[in-house]
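Participant: sequence and predicted structure, then a few things I'm wondering about:
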Amino acid sequence: MKYKTSIIDSIDPSSDQFTSNEKKIATFISHNLGIIPEMTIQELSDRTGTSPAAISRFCKKIDSDSFQSFKVNLSSELALRPYINENVQSIDSVDAETILSINTNLMKSTLENIDEEQIDQAIAAIQKADIIFVHGIGFSKLSAQNIRLKWSLVGKTIIIVEELDFARSTLPTVADSALFIALSNSGKSVEILSLLSTVKDLNIPTLAITRNNGNTLAMNTDIQLHTASLSSKPSATTPSFYSQSILIDYLYFRYLEKME
C-alpha cells in the first residue's frame, strides 16, 4: 500500500523551485521530520544557517501560509504516515500487528520504569495547585489536552498554554498557587525551555513529562516523569504519544486513589 502525503512529498531538496538556502531547509526537514513540529522558526533558522524570512518563503512554496501552518499540516501527515520504527524498512512492510507490537512494547517499557517517588511528588504538586498550566508542542500537545480532560473531571483548573505572551503576562498573577507541566519527547524545544525559564523565575513548581535520556527539560524541572527512550528519528514520533498517554493514565489513576 502506497501513501501520498502532499506536504512531505513536496519537501524535495533537489527541486529546482528552491533557492540554495531553501534547499538547506528542505534537506534538514526531510532528515528530521519527527522533531520539526516541536521546533520554533528561530530554532530551525539556527539549525539550518538560514533566516526566518527564508523559512517563511520556503513554507509558502509548499503551499503553507506560515511556518506554524506548515507544522500543523506536517503533524497531521506524520500521524497518518507509518513512520513507526527504525527497523521498519519500507512502507509496504507495515501492518496492524507491527504497529500494535511497537506501541505495546513502548508503553510496557514506560510503565516498567516508573519512578514511584516522582509519581508521589507529582500527585502532591497537583493536589496543592489551584491552577495548572500545561504546555506541549506537536504530538505532545495532544497529551496536554489529555491532561486537561482528565483533571478537569476532578475539579482542577487546567490551562493549556497556546500563546507564550499570554502565559508570561498571566503567570505572575497566580504564581503562588500554580503548577507548570511541560511535555516534550525530545526535551530540547527552544520554545518550551524559554517558557520554563520564565516559570522558574517566578518560583512556580515544575513537572516534566519527557523521555528518559537526561535531556535539558528533565534536568531543569522539579519533578520528572519519564517515558520510554525513543529514537529521535521520525519513526519515534507517534509512539511517543502512546508512551506519554500511558504514563498520564497511570498518574491519573494513582491520583484518584489518593482522593479516596
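Facilitator: Sure thing, it's come through. Numbers count the residues shown, from 1 in each chain.
Participant: for Thr210, phi and psi?
Facilitator: Here is the backbone geometry of Thr210 (degrees, to the nearest 10): phi -150, psi 170.
Participant: got phi/psi on the closest residue to it other than its chain neighbours?
Facilitator: Leaving aside its sequence neighbours, Thr210 sits nearest to Gly187 (C-beta to C-beta, 6 or more residues apart in numbering; 4.2 Å). In short, each C-beta sits where N, CA and C put it, glycine included. Geometry field for Gly187 lists phi and psi as phi 70, psi 20, criterion degrees, to the nearest 10.
Participant: does Gly187 touch Asn220 like I think?
Facilitator: No: in this structure Gly187 lies outside contact range of Asn220 using C-beta atoms under 8 Å: 9.3 Å.
Participant: for the residue nearest to Thr210, what are its contacts?
Facilitator: By C-beta atoms under 8 Å, 6 or more residues apart in numbering, Gly187 lies in contact with Ala208, Thr210, Arg211, Asn213, Asn215, Thr216, Leu217, Ala218.
Participant: what residues are up against Lys258?
Facilitator: Per C-beta under 8 Å, 6+ apart, neighbours of Lys258: Ile123, Gln127.
Participant: any idea how far Phe180 lies from Lys23?
Facilitator: 39 Å (C-beta to C-beta, to the nearest Å).
Participant: looking at these two, which is more packed in?
Facilitator: Between Phe180 and Lys23, counting by other C-beta atoms under 10 Å, Phe180 is the more crowded of the two (27 against 19).
Participant: secondary structure class for the more buried one?
Facilitator: strand (DSSP: H, G, I helix; E, B strand; the rest coil).
Participant: just the pLDDT for it.
Facilitator: Turning to Phe180, the model gives it a pLDDT of 97.
Participant: ok, Thr170 next?
Facilitator: So Thr170 comes in at 89 (pLDDT).
Participant: give the buried residues for the host helix or strand of it.
Facilitator: Element membership for Thr170 (DSSP states H and E) is helix 164-174. Neighbour counts over helix 164-174 (16 or more other C-beta atoms under 10 Å) mark Ala167, Thr170, Leu171, Val174 as buried.
Participant: same deal with stretch 133-148?
Facilitator: Within stretch 133-148, the residues scored as buried using 16+ other C-beta under 10 Å are 133-141, 143-144, 146-148.
Participant: those: which two are farthest apart?
Facilitator: Comparing every pair within these by C-beta to C-beta identifies Phe133 and Phe139 as the most remote, at 19.1 Å.
Participant: grab the nearest non-local neighbour of Glu191.
Facilitator: Thr40 (4.8 Å).
Participant: count of residues packed around the one you found?
Facilitator: Thr40 has 19 neighbouring residues, counting by other C-beta under 10 Å.
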